[in-house]
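starting from these lines, generate the structure:
(2 chains)
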Amino acid sequence: MIQRIVSRKFDIPDAHRIDVALLHGGYATLSKAFAMEPDAITTEIERSGLRGKGGGGAPTGKKWRLMPKTISPSYLVVNADESEPGTFKDRQILQYDPHLLIEGIIVSAYAMGADHAYVYIRGEYKAFHDRLVEAVEEAYERGYLGENIRNSGFNLSLSVHRGAGAYICGEKSALLESLEGKRGHPRLKPAKPECEWYFGHPATVNNVETIATVPFIVQEGFEAYRAYGTDQSPGTMLFAMSGHISRPGVYELPFGLRMMEVIDELGGGVKNGKKLKAVIPGGASTPVLTAEEAEKATLDYETLSAMGSGLGTGGMIIMDEESCMVKALHNLLSFYRHESCGQCTPCREGTGWVDTLIRHILAGRGDETHIQTLLDVSKTMNGQTICVFAPAVSGVINAFVKKFRPEFEHYFQRSEG
Amino acid sequence: MNNVTITVNAQTLSAPEGSILLQVLLDNGVSVPHFCYHEALGVDGNCRMCMVEIEGQKRPQIACNTRVKEGMSIRTLSDSIMAVKRSILELELINHPVDCPICDQAGECSLQNYYMEVGLYESRIDRADKVRKAKKVDLGSHVILDQERCVLCARCTRFTENIIGTGDLVIANRGNHACVTTFEPQGLKADGYAMNVVDLCPVGALTSGDFRFHQRVWFLKSDPSLCHGCARGCSIFIDHYPQKYGDDLIYRYRPRVEREVNGFFICDEGRLSYKNHTGDATLTTPRYSGTAITLSEALELYHQKLAASGSGVVALASPSLSCENLTALRDYCLQYAIPLFGVERGSFDETFGDDFLRLNDRAANRSALPLLGISEDESEMNAALCAASLVLNFDNQTPVSVDQIHFCVHPIDTRELQIPIAPYTEQSGSIINAFGKVQKFASTIRRRHPVPPLHELLSTIKGLA
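Predicted structure coming up:
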């Protein structure tokens, strides 16, 4: 089941050092890439069907095409603000193969004509930040970054920027606001698709894993990438498993595998031989699946969206039969309450209110009206905000309440007895 | 821009293509609740209150971030959109303290108005669950912040950031703990425009330390006028309380929109200058030798002094007097061959002006002087003053060492003869600002015993001189 594209060098000791990386084919793509026209690389990426791996799954090549070529300088910003609960895939790249990321950045920046690249890294990822900075310094020393990279005539500078610990800064426009030195508030979306803007200059924001996949596609061709996965979800992805699972971890898998096959065979099944109750398929913000739904689920964008959930970041959270879904929802909602940026009213006030409601339910003070209010507020939060934070929370609430309503009702029976 | 036709609640409107839908609706008198959008501050899109239904769109859209297109069909009153507005308003209010009875904004509060318009639901939040924040933060510059009442529309922070450029106000913290605050310890200064945030604030979060708790707004009458604080002549509203048995009292000035002059704002100094024109701040009876006298006594003294001085009389006019007063004064001086000067020493303040609204020229009507042929020659004036034995001073602040007769708005600490003239708030007239714009103002303040404006006074004393 496991396919190694991004994770190829993960098991090689010291692959984060440039000498080791070079021995194992690091930066090998550059000579091929620099021999190609930048547009040809973008075309290759478009044909490969590569989709953004930060959770949205937007087509990467199409995003690169939005960069206007006439305004200089322009920027590639790599989103390493991996903060989605249940997601811990990008850190593996930063830890085990940072040079793959840098190689991907060079190729991608060359393709889209970016002059500067930033890696916006989650503040809490101090160790990974330090490792990446070391790798960047090595790359500068060896001439893989800076002026006239490997005599190609292409210049690229790369800066690593640490965030200050805000979940919302993983949203691309909030990330750019934060990178500009402002509060990390998402920006209003333009009426027509366009690139992002960094200090008024064109910018593209891509996830770490997306960029780390680029060298393989350029080196091996789009068909080699399309050999994995499904038609709509081609290639592979770093899937993470956590929660009540025997062998938690990150596994690189082609899209389209049956979820239960992955949980049972790679993950070793639910921990301690218990039964499965629910799976959150792709990070906390994707609506929860029941065990029956998990049976039918396959790990690709189209199947999971059709089930009313989503592939998200591919970070599966497995919950066994003893999990309390009310407490699980409370855990998530207190996270969202803490992380709402506070810009739009429905999200700022809504996340607080739903958290308060669930606390009342947990304390045995709840009744039917609390559940109704919870659903009403979640409805208001859906689709009426600048970014997708509040709609995600809304989806989470709806899934938990609708699929596990008896568990919520159990808490009010407690207060009567 | 081309004008296009849109339909709003079955009514047809014409609007420039690509303009902001919310502004078009507001300009056409369609009520759309909104907090964060303000014409001067632009679109921010954070309050989510201005939801409208647009035909062909799956979800309700915020009108502020929607651009007008040909054939758009908008609904603002359907049951479904009212339900959406109600649900957003409910969220605006869940952490609001609902302390309207002790809130100074009551009566001119968007939350109150919108609740009456689209709310009217039963509260579903337990008071104990509301988030507590600071209730009284003195931000400086007479601005008091109540963080609990704040709807975080960011108008005030956008004002200091985008209009003034000082960025004194910021929003700190996240989620429902977010609050407006300042960078300690400098507080809110906003280069002397700070109190505009009080007008911008749609709710009771930012109130004026100068005005709060002095008068309920529903007792106030608002009348348009012009600030006389500098040569710009900003449009203002004078909010005053018509007492039944006493003189009108002015409680505050507020900016009035006048795109060609001051836009949406006024400076703090102009705003607080109402204090010079209300209650006991102005002179209402003639005074001589430190005691009040009647007007006829005063005029008699005037004539005696005038007769005693012979040809040694010089007149000084304030360049802030209205065109009507200056004209009457010029004619009076011509008739009795009194040299008249419109120079006022100290009326230029090099520290006052800036590149926004405030001008160094603190006189309201200097532009009228050359048009009326009133001399602005300072050396000539100095020479005339040296030779003078009596100066007729028409509200001019120039220091003079010879005997004077004052025709003044404010009481002066002198034993010389003072004859009151009405301030601009108590008479109608016109002034010409530094950019040559002629602006008219009407009398707004009524006194039980009105003080005559200068031109009326001059017409009564003309024949006696």
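
element containing residue B:108, please.
For residue B:108, there is no enclosing helix or strand under DSSP states H and E.

how far away is the closest residue in space to it that isn't next to it in sequence from residue B:252?
Excluding its sequence neighbours, the residue lying closest to residue B:108 (C-beta to C-beta, 6 or more residues apart in numbering or on different chains) is residue B:217, at 5.0 Å. Backbone N, C-alpha and C define where each C-beta goes, glycine included. Applying C-beta to C-beta, to the nearest Å, the value for residue B:217 to residue B:252 is 9 Å.

with residue B:440 instead?
Residue B:440 is 22 Å from residue B:252, by C-beta to C-beta.

give me the contact list for the host helix or strand of residue A:336.
Residue A:336 belongs to helix A:325-339 when elements are defined using DSSP H and E. The contact list for helix A:325-339 (C-beta atoms under 8 Å, 6 or more residues apart in numbering or on different chains) reads A:83, A:85, A:166-168, A:277-278, A:284, A:288, A:319, A:351-352, A:354-355, A:358-359, A:361-362, A:389, A:393, A:396-397, A:400-401, A:404, A:407-408, A:410-411, B:174-176.

where do the helices of the stretch 1-150 of chain B begin and end?
Assigned helices in the stretch 1-150 of chain B, in chain order: B:21-27, B:79-94, B:110-114 (criterion: DSSP state H, counting those that start in this stretch).

thought residue A:172 was touching residue A:79?
Yes. Assessed by C-beta atoms under 8 Å, residue A:172 is found in contact with residue A:79 at 6.5 Å.

in three-state terms, label the residue nearest to residue A:78 when sequence neighbours are not counted for me.
Nearest non-adjacent residue to residue A:78, counting by C-beta to C-beta, 6+ apart: residue A:119, 4.5 Å away. Secondary structure for residue A:119, judged by DSSP: H, G, I helix; E, B strand; the rest coil, is strand.

do you know how far residue A:119 is from chain B?
24 Å (C-beta to the nearest C-beta, to the nearest Å).

isn't that residue right up against residue A:132?
Yes. Residue A:119 lies in contact with residue A:132 (C-beta under 8 Å); the separation is 6.4 Å.

shared neighbours of those two, anything?
In contact with both residue A:119 and residue A:132: A:80, A:101, A:160, using C-beta under 8 Å, 6+ apart.

and those residues, which are buried?
Buried by 16 or more other C-beta atoms under 10 Å in any protein chain shown: A:80, A:101, A:160, out of the shared contacts of residue A:119 and residue A:132.

residues in contact with the last one?
The neighbourhood of residue A:160, defined by C-beta under 8 Å, 6+ apart, consists of A:118, A:119, A:121, A:129, A:132, A:133, A:136.

can you pull out the strands in the stretch 301-417 of chain A?
A:315-320 (DSSP state E, counting those that start in this stretch).

enumerate the residues of it near chain B.
Proximity of the stretch 301-417 of chain A to chain B, by C-beta under 8 Å from any C-beta of the partner chain, involves residues A:337-346, A:348-353, A:356, A:369, A:373, A:376-377, A:379-380, A:383-386.

kindly check the end-to-end length of stretch B:27-45 for me.
19 Å (C-alpha to C-alpha, to the nearest Å).

any low-confidence regions in chain B?
Along chain B, segments meeting pLDDT under 70 span B:462-465.

spell out which parts of chain B neighbour chain A.
B:43-49, B:51, B:59-60, B:65, B:67, B:84, B:87-88, B:90-92, B:94-95, B:124-125, B:129, B:131, B:151-152, B:170-171, B:173-178.

restricted to buried residues, select the residues you listed in ChimeraX.
This is the ChimeraX syntax for the buried subset of the residues of chain B next to chain A, where burial follows 16+ other C-beta under 10 Å:
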select /B:43,44,45,46,47,48,49,51,60,65,84,87,88,90,91,92,94,95,125,131,151,152,170,171,174,175,176,177,178
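
strands - which of the residues of chain B next to chain A land there?
Among the residues of chain B next to chain A, the residues falling in strands (DSSP state E) are B:51, B:170, B:171.

wait, what's in contact with the last one?
The reference is to residue B:171. Neighbouring residues of residue B:171 by C-beta under 8 Å, 6+ apart: A:183, A:342, B:152, B:154, B:157, B:178, B:179, B:180, B:181.

at 6 Å what do you get?
B:157, B:178, B:180 (C-beta atoms under 6 Å, 6 or more residues apart in numbering or on different chains).

which ones among those lie within helices?
Counting by DSSP state H, the part of these found in helices is residue B:157.

which of the contacts of residue B:171 lies closest to chain A?
Set against chain A, the nearest of those by C-beta to the nearest C-beta is residue B:178 (3.4 Å).

pretty sure the closest one contacts residue A:342?
Yes. Contact criterion C-beta atoms under 6 Å: residue B:178 and residue A:342 qualify, at 3.4 Å.

now do the residue nearest to residue B:108 against residue B:144, distance only.
Shown here: residue B:217 relative to residue B:144, a distance of 16 Å by C-beta to C-beta.

between the two, point out the one with more neighbours.
The residue with more neighbours, out of residue B:217 and residue B:144, is residue B:144; 20 against 16, by other C-beta atoms under 10 Å in any protein chain shown.

beta partners for the more buried one?
residue B:138, residue B:207 (DSSP bridges).

how about the contacts made by it?
Residue B:144 neighbours (C-beta under 6 Å, 6+ apart): B:138, B:207, B:209.

please redo it, this time with the cut-off set to 10 Å
Applying C-beta atoms under 10 Å, 6 or more residues apart in numbering or on different chains, we find residue B:144 in contact with B:104, B:135-138, B:198, B:204-210, B:212.

ok, it to residue B:376 distance?
44 Å.

try residue A:329
From residue A:329 to residue B:376 the distance is 78 Å (C-beta to C-beta).

so for the two, which residue has more residues nearby?
Between residue A:329 and residue B:376, residue A:329 has the larger neighbour count (other C-beta under 10 Å), namely 25 against 14.

so what are the domain limits for the chain?
No chain specified, so I'll use chain A. Under automatic domain parsing, the residue ranges defining each domain of chain A are A:18-226, A:236-320, A:325-416.

switch to chain B, please.
Using automatic domain parsing, the domains assigned to chain B come out as B:3-92, B:94-208, B:221-278, B:287-464.

just the buried positions in the helix holding residue A:336, please.
Within helix A:325-339, the residues scored as buried using 16+ other C-beta under 10 Å are A:325, A:326, A:328, A:329, A:330, A:332, A:333, A:335, A:336, A:337, A:339.

what's the closest of those residues to chain B?
Closest approach between those and chain B, by C-beta to the nearest C-beta: residue A:337, at 5.7 Å.
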